[in-house]
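Enquirer: Everything below, folded, please.
(4 chains)
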Protein chains: 2
Amino acid sequence: MPSKKSIIKLATLPRQRLGDQIADVLRQQILLGDLKPGQNIPERETSAALGVSRTPLREALLVLEAEGLVEMAPAKSPVVAQPSLIEVTHLLLVQSALEALAGECACEEASQDEIDEIEAMHQTMLSTTQGSDPIEFFQIDMGFHEAIVASTKNLSLIKTHKQYHARLWRARFLSSRRRIAREKAMIDHGRIVDGLRLRDKEQVSSSMEEHLRRAIENVRIVFTQEQTEENSKTARYKNQENVHG
Amino acid sequence: MPSKKSIIKLATLPRQRLGDQIADVLRQQILLGDLKPGQNIPERETSAALGVSRTPLREALLVLEAEGLVEMAPAKSPVVAQPSLIEVTHLLLVQSALEALAGECACEEASQDEIDEIEAMHQTMLSTTQGSDPIEFFQIDMGFHEAIVASTKNLSLIKTHKQYHARLWRARFLSSRRRIAREKAMIDHGRIVDGLRLRDKEQVSSSMEEHLRRAIENVRIVFTQEQTEENSKTARYKNQENVHG
DNA sequence: GTAAAATAAATGGTATACCAAATAATGGTC
DNA sequence: GACCATTATTTGGTATACCATTTATTTTAC
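Expert: Next up is the predicted model:
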């Protein structure tokens, strides 16, 4: 009865490169916050923890560096990227342009089934607005955007959008916690869905841009709040130091 | 007299990773056509030719794969990407959105000096239109676009644009040979420069989109021509085969 | 006791060696 | 003579070993 063996052939048949699998794992850990911004990712330690050698781990790190999720400097441990407010703003501007394009293309390329599914996701989100944990709500929110991009069938656009999506994950997750932001986001989504049903390029792309512009503002607010908290912490620490001295 | 030594410390001080240097070399070779689309890049042979080991060569290939210039399949030699017409169209659509965004941002972020320089490049191009080899003209053309993107100071946008630029290099170079295309391009560039001087976002971004939309049409024409030539070649070969048989 | 120099530990960068899958070549059989 | 099986070679994937640089610690000199 070799049924068990047939399931486990990860090691025997490298259907996908080990480096790519590791990249997926690390990407998830970065997005979910298991690896926090600024944290070191020493090669030996990490590869040992994952039960692989340094070679594929390094290949994964190089991919993540190309994606902008990890920063590598000579003779320094690779470190999880910690984009500043201005960098996140830049990223959101590009993402905004990408999604506006996606909206336009979707009006031409999306099948009726795909539009129906996008609308269904929107409905799910509307009914989930109140209860449930924020991370689940956020996942659906991001799925909504991904579905629109996917419906364009433009592989390059999909891939690039995905990369920006990953780099923006954390910032957008943090800013999605604001109640007001979520409510306004739902209104934007509604307009986007309406535009898609009408296949009205102009309406969809402008709603998309509007939506992302709001996201930029939300991120700015959250960043300045964090900055303020950080400052007060620093002040406390300084006080402690003074106490010690 | 250790002056000679001081120049050559590539091997001793890895100021930049070898893999990145190799990636630069290969990228250039792909863009310039030394490595043609569809051509294999066997790891052992190539690394030996470059005088390095497989490890950094592989890292370079992975970066180029992430950029979309090289395709790697399990148990197959890496191969120079050979995008189809539809893929190039997809790439140009994204590039169009990126440059439209760049145009808008440039209206706000570009310094007067930068706009002056962009205009100077345009003037150079106008005077170079007739004589000189096509590759030089093309270089200036691409420099014009890069300068606009660079003036936004948006590093993410610059990097992403650069990657799409590399993937589109060959297609745009081939299509830039058409005389009519060049003339119309000059008119577009003029409108873009005018818009930048006026800092008129709307004019710049729409001119950019118009310009890229024209590029899509040009690429389509060149591709179909190439396809036709290819077919006639195949026909000839078939005839030869018939003669042999 | 402090500061500076030297040494030891750790880290990333590169080269080499080994393995498994795939393909090409060769030999045997029908 | 053609086709199939088997083996040999080539290729990419992974692991390990080595080197150079950097950093932390310790020791020594002032």
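Enquirer: Nearest residue to the middle of chain A?
Expert: Taking Cα atoms, centre = their mean, the centroid of chain A lies closest to A:Trp169, which sits 2.7 Å from it.
Enquirer: and the helix or strand containing it, how far from the chain's centre?
Expert: Secondary-structure element containing A:Trp169, defined by DSSP states H and E: helix A:155-175. Computed by Cα atoms, centre = their mean, to the nearest Å, the chain-centroid distance of helix A:155-175 equals 4 Å.
Enquirer: Let me see the mean pLDDT of that helix.
Expert: Mean per-residue pLDDT for helix A:155-175: 95.
Enquirer: and if you look at stretch A:28-38?
Expert: In the prediction, stretch A:28-38 has an average pLDDT of 93.
Enquirer: sorry, back to before: tell me which other helices or strands the helix or strand following the helix holding A:Trp169 touches.
Expert: Next along the chain after helix A:155-175, taking DSSP H and E as the criterion, comes helix A:179-198. Here helix A:179-198 touches helix A:85-109, helix A:112-128, helix A:134-150, helix A:201-244, going by 3 or more Cβ pairs under 8 Å, 6 or more residues apart in numbering or on different chains; DSSP states H and E. For glycine as for every other residue, the C-beta is placed from the backbone atoms N, C-alpha and C.
Enquirer: that older thread, who are the packing partners of the helix holding A:Trp169?
Expert: helix A:18-32, helix A:54-67, helix A:85-109, helix A:134-150, helix A:201-244, helix B:85-109, helix B:155-175.
Enquirer: The same query, at a cut-off of 6 Å, please.
Expert: helix A:85-109, helix A:134-150, helix A:201-244, helix B:85-109 (3 or more Cβ pairs under 6 Å, 6 or more residues apart in numbering or on different chains; DSSP states H and E).
Enquirer: Of the ones you listed, which shows the lowest average pLDDT?
Expert: Among these, helix A:201-244 scores lowest, with a mean of 76.
Enquirer: Any part of it near chain B?
Expert: No: Helix A:201-244 stays out of contact with chain B when judged by Cβ under 6 Å from any Cβ of the partner chain, the minimum separation being 9.7 Å.
Enquirer: go on, stretch A:33-44?
Expert: No: Stretch A:33-44 lies out of reach of chain B by Cβ under 6 Å from any Cβ, never closer than 13.1 Å.
Enquirer: Report the buried residues of that stretch.
Expert: Neighbour-count burial for stretch A:33-44 flags A:Leu35, A:Ile41 (criterion: 16 or more other Cβ atoms under 10 Å in any protein chain shown).
Enquirer: export that stretch as CSV, just CAs?
Expert: Presented in CSV, the C-alpha positions along stretch A:33-44 are these (Å, rounded to 0.1, in the frame of the first residue of the first chain):
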residue,chain,number,x,y,z
GLY,A,33,4.5,39.9,11.0
ASP,A,34,6.3,36.7,12.2
LEU,A,35,9.3,38.5,10.8
LYS,A,36,9.0,42.1,11.8
PRO,A,37,10.4,45.1,9.9
GLY,A,38,14.0,45.8,10.7
GLN,A,39,14.5,42.2,11.9
ASN,A,40,17.7,40.4,10.9
ILE,A,41,17.6,37.2,8.8
PRO,A,42,21.0,35.6,9.4
GLU,A,43,21.6,33.0,6.7
ARG,A,44,23.0,30.2,8.7
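Enquirer: And the helix holding A:Trp169, what's buried?
Expert: A:156-158, A:160-161, A:163-175.
Enquirer: Contacts for that helix next, please.
Expert: A:31, A:67-68, A:88, A:91, A:95, A:98, A:138, A:149-150, A:218-219, A:222, B:90-91, B:94 (Cβ atoms under 6 Å, 6 or more residues apart in numbering or on different chains).
Enquirer: quick one, it and helix A:54-67 angle?
Expert: 80 degrees (axes from the mean of the first three to the mean of the last three Cα atoms, to 10 degrees).
Enquirer: quick check: angle from helix A:155-175 to helix A:18-32?
Expert: 30 degrees.
Enquirer: before we move on, back to that, list just the nearest of the contacts of helix A:155-175 to B:Ile41.
Expert: B:Leu91 (21.1 Å; Cβ to Cβ).
Enquirer: what about the closest one, how many residues close to it?
Expert: Per other Cβ atoms under 10 Å in any protein chain shown, the neighbour tally for B:Leu91 reads 26.
Enquirer: same deal with the one 5 residues further on?
Expert: Residues near B:Ser96, counting by other Cβ under 10 Å, number 22.
Enquirer: And the one 5 residues further on, by the same measure?
Expert: Applying other Cβ under 10 Å, we find 24 other residues in the vicinity of B:Leu101.
Enquirer: close enough to count as contact, it and A:Gln95?
Expert: No: look at B:Leu101 against A:Gln95 with Cβ atoms under 6 Å: they stay out of range, at 10.2 Å.
Enquirer: relative to helix A:179-198, how tilted is the helix holding A:Trp169?
Expert: 150 degrees.
Enquirer: Could you export helix A:155-175 as CSV, CA atoms only?
Expert: Extracted as CSV, the C-alpha positions of helix A:155-175 are listed here (Å, rounded to 0.1, in the frame of the first residue of the first chain):
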residue,chain,number,x,y,z
LEU,A,155,0.3,38.4,-16.5
SER,A,156,2.9,41.1,-16.2
LEU,A,157,0.3,43.4,-14.6
ILE,A,158,-0.8,40.7,-12.2
LYS,A,159,2.8,39.9,-11.1
THR,A,160,3.9,43.5,-10.6
HIS,A,161,0.7,44.3,-8.7
LYS,A,162,1.3,41.2,-6.6
GLN,A,163,4.7,42.5,-5.7
TYR,A,164,3.5,45.9,-4.7
HIS,A,165,0.7,44.3,-2.9
ALA,A,166,3.2,42.4,-0.7
ARG,A,167,5.3,45.5,0.0
LEU,A,168,2.2,47.4,1.0
TRP,A,169,0.5,44.6,3.0
ARG,A,170,1.6,45.7,6.4
ALA,A,171,0.9,49.4,5.9
ARG,A,172,-2.5,48.8,4.5
PHE,A,173,-3.3,46.3,7.1
LEU,A,174,-2.5,48.7,9.9
SER,A,175,-4.5,51.5,8.3
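Enquirer: check contacts around A:Thr152.
Expert: Here A:Thr152 is in contact with A:Ala102, A:Cys105, A:Ala106, A:Glu109 (Cβ under 6 Å, 6+ apart).
Enquirer: Can you name the residues that contact the last one?
Expert: For A:Glu109, the contacting residues are A:Thr152, A:Lys153, by Cβ under 6 Å, 6+ apart.
Enquirer: what's the spacing between it and chain B?
Expert: 11 Å (Cβ to the nearest Cβ, to the nearest Å).
Enquirer: Next up, phi/psi of A:Ile41, please.
Expert: phi -130, psi 70 (degrees, to the nearest 10).
Enquirer: For chain A, which residue gets nearest to DNA strand D?
Expert: Here chain A gets closest to DNA strand D at one residue, A:Leu18, 2.7 Å apart by Cβ to the nearest atom of the strand.
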